[in-house]
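**Student:** build me a structure from this.
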Amino acid sequence: MSERNATILADSLCRMRGAALKLGQLLSMQDEAVLPPPLLAALERVRAGADAMPEWQLTQAMDAALGDGWRDKLAEFDPEPMAAASIGQVHRGVLAPALGGAEVAIKVQYPGVADSIQSDIANLGRILALTGAVPKGLFLEHAMDVAGRELSEECDYRLEAEHTRRFRELLHDPEGGVAVPEVVTQLSAQHALTTTLVRGVPLDQVAAMGQRTRDSVATRLLRLTLRQLFEFRAMQTDPNWGNFLYDAESDTLSLIDFGAARTYPFDFAARYCDLVWATATGDRDEVVRLATALGFLTGYESADVLSASVEAGLIVGEPFAPGAGVFDFSESKMTARLLKHADVLAAGSLAPPPPDSYSLHRVLSGAFLACIKLRARVPAHALLQEAYAEHSRQVRERGLASERAVQD
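**Tutor:** Residues are numbered from 1 along each chain as shown. Just a heads-up that it's a prediction; the model follows:
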């Protein structure tokens with residue numbers, strides 16, 4: 001792809017917002033093993049967000065979302081957005097003294113974006129199908145259907161407020177170095193969400209900091225990812241680097257934007273955790289058994305597809321392997337090695353992945369890509385051991401509870 005065409009594509013995605021922009025932001029996180037450098041350079045702007053609303057439209061959107069009296073609840077409001085994301089833009093404000101006077105971030109949804117998601121998804125699917133950009137074995141129609149449902153949920157900021165409160169409670173640990181902002185209920189509704197303002201820079205800017213800082217941030221990020229899956233069974237599934245802000249002054253990594261948060265069925269999450277452990281320990285038979293039980297494999301795949309599936313899983317498990325110690329992501333060629341199996345898997349896959357796996361894979365791949373971007377050294381196996389111990393404890397407790405229920 002030429003530099004000019006890459007720029008045209010990026011500009012188009014920024015204007016389209018919604019589903020198309022979300023796809024562009026996910027693409028922008030890849031490395032040169034997946035996408036050509038001109039396209040990656042153009043997509044840097046996509047990660048920063050969409051084109052902003054003009055002020056007159058912003059005022060209309062705020063009035064519609066919060067009512068005519070919203071401005072009275074703020075001592076200050078900056079009409080210039082701090083960020084413009086896929087379905088809304090964010091503004092800095094200061095609460096009125098009666099509400100505490102704190103600095104806040106106010107996210108307001110683009111007018112009509114919720115109504116256009118299904119048509120955006122359909123148009124995007126047609127473009128991808130016509131260009132042949134997605135191999136048949138990736139089950140584009142199924143993936144687009146899942147994406148449409150996820151984005152529709154993201155458009156209800158009341159759900160995001162609930163997720164934010166829940167994760168703030170789950171991650172409340174002054175010594176943990178991870179924080180979640182507080183929801184301001186008085187300025188939150190279906191199409192607007194206000195939280196306390198978080199200071200910091202996104203993960204890609206942390207890449208310019210010293211090795212010790214990069215290692216510390218990446219370790220916290222990977223521990224957070226594992227805790228969400230192995231302990232909470234719930235995840236913030238949008239791995240956009242702008243959703244993780246690091247403040248060097250307080251040495252705090254803040255997690256923001258819970259519109260894409262998901263809760264997973266316990267049995268599905270438990271089997272997935274066991275699959276991660278099997279890839280880390282190199283247990284090929286267990287990888288096949290669990291991948292089949294979860295629905296990634298049907299049991300009728302060819303030997304080549306089965307082998308490629310197992311090898312891809314073991315590559316992903318390498319950072320967590322018992323002998324890995326402190327894993328150096330700067331030396332990892334994980335993406336390029338996974339791509340060697342992509343053609344076989346795309347051509348020979350017999351069934352689409354389970355719907356819940358799309359968001360899970362997005363989070364795990366996002367965490368790995370961030371660690372690679374940060375050129376970090378992370379004690380990944382120790383983190384997995386810690387997470388798997390908590391997972392095993394929950395499984396035992398759940399098993400005992402089930403036995404008691406049967407006895408009663």
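
**Student:** roughly how far does R223 sit from L159?
**Tutor:** Plainly put, R223 is 26 Å away from L159 if you go by C-beta to C-beta, to the nearest Å. To be clear about C-beta, it is placed using only N, CA and C from the backbone, and glycine gets the same treatment.

**Student:** likewise for T298?
**Tutor:** For T298 relative to L159 (C-beta to C-beta), the value is 34 Å.

**Student:** again with G348
**Tutor:** Distance, G348 to L159, using C-beta to C-beta: 38 Å.

**Student:** so between R223 and L159, which is more surrounded?
**Tutor:** Taking neighbours as other C-beta atoms under 10 Å, R223 and L159 compare with R223 leading, 22 against 16.

**Student:** how about low-confidence regions in the stretch 51-200 of the chain?
**Tutor:** Applying pLDDT under 70 to the stretch 51-200 of the chain flags the ranges 51, 124-125, 127-143.

**Student:** show me what whichever helix in the chain runs longest is packed against.
**Tutor:** In terms of residue count, the longest helix belonging to the chain (DSSP state H) is helix 380-407. Contacts defined by 3 or more C-beta pairs under 8 Å, 6 or more residues apart in numbering; DSSP states H and E place helix 380-407 against helix 211-227, helix 266-281.

**Student:** report pLDDT for G317.
**Tutor:** Looking at G317, its pLDDT is 96.

**Student:** what distance do you get for it to T219?
**Tutor:** Using C-beta to C-beta, G317 is found at 18 Å from T219.

**Student:** what about the closest residue to F368 other than its chain neighbours, neighbour count?
**Tutor:** The spatially closest residue to F368, leaving aside those adjacent along the chain, is M334, at 6.6 Å (C-beta to C-beta, 6 or more residues apart in numbering). M334: 20 surrounding residues under other C-beta under 10 Å.

**Student:** mind listing what M334 touches?
**Tutor:** Residues near M334 by C-beta atoms under 8 Å, 6 or more residues apart in numbering: 315-316, 318, 368, 372.

**Student:** from these, pick the one nearest F167.
**Tutor:** Closest approach to F167 among these (C-beta to C-beta): F368, at 21.2 Å.

**Student:** any idea how far V113 lies from A260?
**Tutor:** Distance, V113 to A260, using C-beta to C-beta: 15 Å.

**Student:** D356 is in contact with F266, isn't it?
**Tutor:** No: here D356 does not reach F266: they are 11.8 Å apart, not a contact under C-beta atoms under 8 Å.
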